[in-house]
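*Asks:* Got a sequence here, can you model it:
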Amino acid sequence: MQALQLKIPPPVVATLIATAMWIAAHGFSGAPSTSFGLTFGGPVALFGGAISAAGSFAFWRARTTINPLHPEKSSHLVTSGVFRYSRNPMYLGLVITLSGWAIHLPSQLPFLGPAAFALYIHHFQILPEERILLALFGAEYERYRTRVRRWF
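*Replies:* Take a look at the predicted model:
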């Protein structure tokens with residue numbers, strides 16, 4: 001399974017899972033979204049997008065790579081902004097966005113999507129990234145890891 005490590009950009013994985021969630025919701029249920037789903041799904045998804053955007057902005061401000069396929073090109077360890085609360089705010093934001101999408105859809109089956117995304121990202125993106133960041137930034141990254149959780 002190492003062949004999948006750092007190969008597919010996380011937004012692409014999220015888009016594929018979001019599409020599968022839609023197919024699962026509409027393939028097994030012709031029901032329309034509920035008023036609860038319409039009312040709360042969008043704001044939850046937007047909140048997730050804001051968290052991801054804040055992470056992207058922190059990388060841009062530090063002038064380091066945002067490319068998740070090449071963490072070895074990182075020039076700075078970003079620990080400010082949303083990175084004070086989560087080592088992976090962009091991935092957390094995508095999980096929250098997918099959760100908002102699941103709330104919006106007219107079925108319970110799509111709620112498997114955010115969990116599937118989190119598992120995939122953990123194994124094929126986060127763990128390899130952490131190994132690379134530890135090699136690049138050593139003790140500084142180790143101290144950061146002890147202070148800040150992966151997700152939140």
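*Asks:* I figured residue 78 hits residue 57, correct?
*Replies:* No - assessed by Cβ atoms under 8 Å, residue 78 is found out of contact with residue 57, at 10.2 Å. The C-beta positions use only the backbone N, C-alpha and C, and glycine is treated the same way.
*Asks:* Of these two, give the one with the bigger neighbour count.
*Replies:* residue 78 (20 against 13; other Cβ atoms under 10 Å).
*Asks:* sec struct for the most centrally placed residue in the chain, please.
*Replies:* Nearest residue to the geometric centre of the chain (Cα atoms, centre = their mean): residue 91, 1.7 Å. Three-state assignment for residue 91 (DSSP: H, G, I helix; E, B strand; the rest coil): helix.
*Asks:* residues contacting the closest residue to it other than its chain neighbours?
*Replies:* Sequence neighbours aside, residue 121 is the residue nearest to residue 91 in space, at 5.0 Å (criterion: Cβ to Cβ, 6 or more residues apart in numbering). For residue 121, the contacting residues are 10, 13, 88, 91, 94-95, by Cβ atoms under 8 Å, 6 or more residues apart in numbering.
*Asks:* Can you name the two of those that sit furthest apart?
*Replies:* Farthest-apart pair in the contacts of residue 121 is 13 and 88; separation 13.5 Å (Cβ to Cβ).
*Asks:* between these two, who's got more neighbours?
*Replies:* Neighbours were counted for residue 13 and for residue 88 using other Cβ under 10 Å; residue 88 has more, 25 against 21.
*Asks:* Relative to residue 106, how far out is that one?
*Replies:* Counting by Cβ to Cβ, to the nearest Å, the gap from residue 88 to residue 106 is 30 Å.
*Asks:* residue ranges with poor pLDDT in the protein?
*Replies:* Residue ranges of the chain with pLDDT under 70: 1, 28-30.
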